[in-house]
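*Asks:* Got a sequence here, can you build the structure:
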Amino acid sequence: MIIHGIEVKGKLIDEKTRCKHYHKDVDVIAIKFYCCKTYYPCYECHEEEGCGNHQVWPNELFDEKAILCGNCGTELTIEEYLNCHYQCPECHVPFNPGCGRHRHYYFGV
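*Replies:* Presented below is the predicted three-dimensional model:
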């Protein structure tokens, strides 16, 4: 699905990047996976339909744009996302704070 001009793959259910796994009002981000440089709404979508070579973003690349706000289309760097206090710095829509529990699926610790 093309969302704000960017292809997002996975089991999407709407144009705000919600998927069959995570579809609360606050589930409005997609993450570009380091291994395939492709946006997915969650690690489960990537596991089901991704490249099969899962890798996390190394800390030294946290200045790369890899988070898409499904509400406004802003692409955030990993560092911006990790420091945004679970809301888009552009449109201020809230992000799911529970995503922090899954950080190790996406980013080096």
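
*Asks:* Phi and psi next, for F107.
*Replies:* For F107, the backbone dihedrals (degrees, to the nearest 10) come out as phi -130, psi 140.

*Asks:* Would you check how far apart the residue lying closest to it once chain neighbours are set aside and K32 are?
*Replies:* Counting by CB to CB, 6 or more residues apart in numbering, W57 is the residue found nearest to F107 once chain neighbours are left out, at 5.0 Å. Quick note: C-beta positions are derived from backbone N, CA and C, even for glycine. W57 sits 9 Å away from K32, going by CB to CB, to the nearest Å.

*Asks:* Mind listing the shared neighbours of these two?
*Replies:* A66 (CB atoms under 8 Å, 6 or more residues apart in numbering).

*Asks:* Now for the residue nearest to F107: which residues touch it?
*Replies:* Per CB under 8 Å, 6+ apart, neighbours of W57: 34, 64, 66, 78, 106-108.

*Asks:* again, 10 Å this time
*Replies:* W57 sits next to 31-35, 64, 66, 78, 106-108 when contact means CB atoms under 10 Å, 6 or more residues apart in numbering.

*Asks:* and Y43, how many neighbours?
*Replies:* 21 (other CB atoms under 10 Å).

*Asks:* if I pick the residue nearest to it when sequence neighbours are not counted, what's in contact with it?
*Replies:* In space, and not counting its chain neighbours, Y43 is closest to Y105: 4.0 Å by CB to CB, 6+ apart. Residues near Y105 by CB under 10 Å, 6+ apart: 31, 33, 42-44, 46-47, 54, 56, 99.

*Asks:* can you tell me which two in these are farthest apart?
*Replies:* Within those, two members stand farthest from each other by CB to CB: H54 and C99, at 17.0 Å.

*Asks:* Looking at these two, which is more packed in?
*Replies:* More neighbours surround C99 than the other of H54 and C99, with 19 against 15 (other CB under 10 Å).

*Asks:* got the contact list for that one?
*Replies:* With CB under 10 Å, 6+ apart, C99 has these contacts: 22, 26-27, 29, 31, 42-43, 81, 86, 105-106.
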